[in-house]
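Asks: got a structure for you, letters missing:
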């Protein structure tokens with residue numbers, strides 16, 4: 001069974017190097033989705049972010065997990 005790491009907005013801000021205000025106003029509900037990236041425990045107002053889901057999506061959308069073969073001319077072949 002895998003453990004889930006729950007983070008406050010301040011803790012998430014420190015991990016991803018985004019301002020707390022940016023997370024609340026620009027990322028929450030557009031990129032970070034309730035039920036996947038964050039939860040409201042016990043139906044309250046407090047928000048806890050799910051680190052594993054956020055990290056997985058950051059890697060997937062940034063191309064870190066993709067296979068890339070460097071070419072001699074400086075380009076990259078995506079496999």
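Replies: Everything's here; your move. Values in this document were obtained by computation on a predicted structure and should not be read as measured data.
Asks: longest helix of this structure?
Replies: helix 51-62 (DSSP state H).
Asks: ok, residue 50 - how many residues close by?
Replies: By other CB atoms under 10 Å, the residues close to residue 50 number 19. The way it works is simple: take the backbone N, C-alpha and C, and place the C-beta from them, glycine included.
Asks: gap between it and residue 71?
Replies: Applying CB to CB, to the nearest Å, the value for residue 50 to residue 71 is 38 Å.
Asks: try residue 24
Replies: Residue 24 is 42 Å from residue 71, by CB to CB.
Asks: who has more neighbours, the two?
Replies: The neighbour count for residue 24 versus residue 71, taken as other CB under 10 Å, is higher for residue 24 (14 against 9).
Asks: is the more buried one in contact with residue 8, as I believe?
Replies: No. Taking CB atoms under 8 Å as the definition, residue 24 is not a contact partner of residue 8, at 11.5 Å.
Asks: spit out the contact partners of residue 52.
Replies: 2, 4, 5 (CB atoms under 8 Å, 6 or more residues apart in numbering).
Asks: can you check residue 47 too?
Replies: 8, 9, 28, 38, 39, 40.
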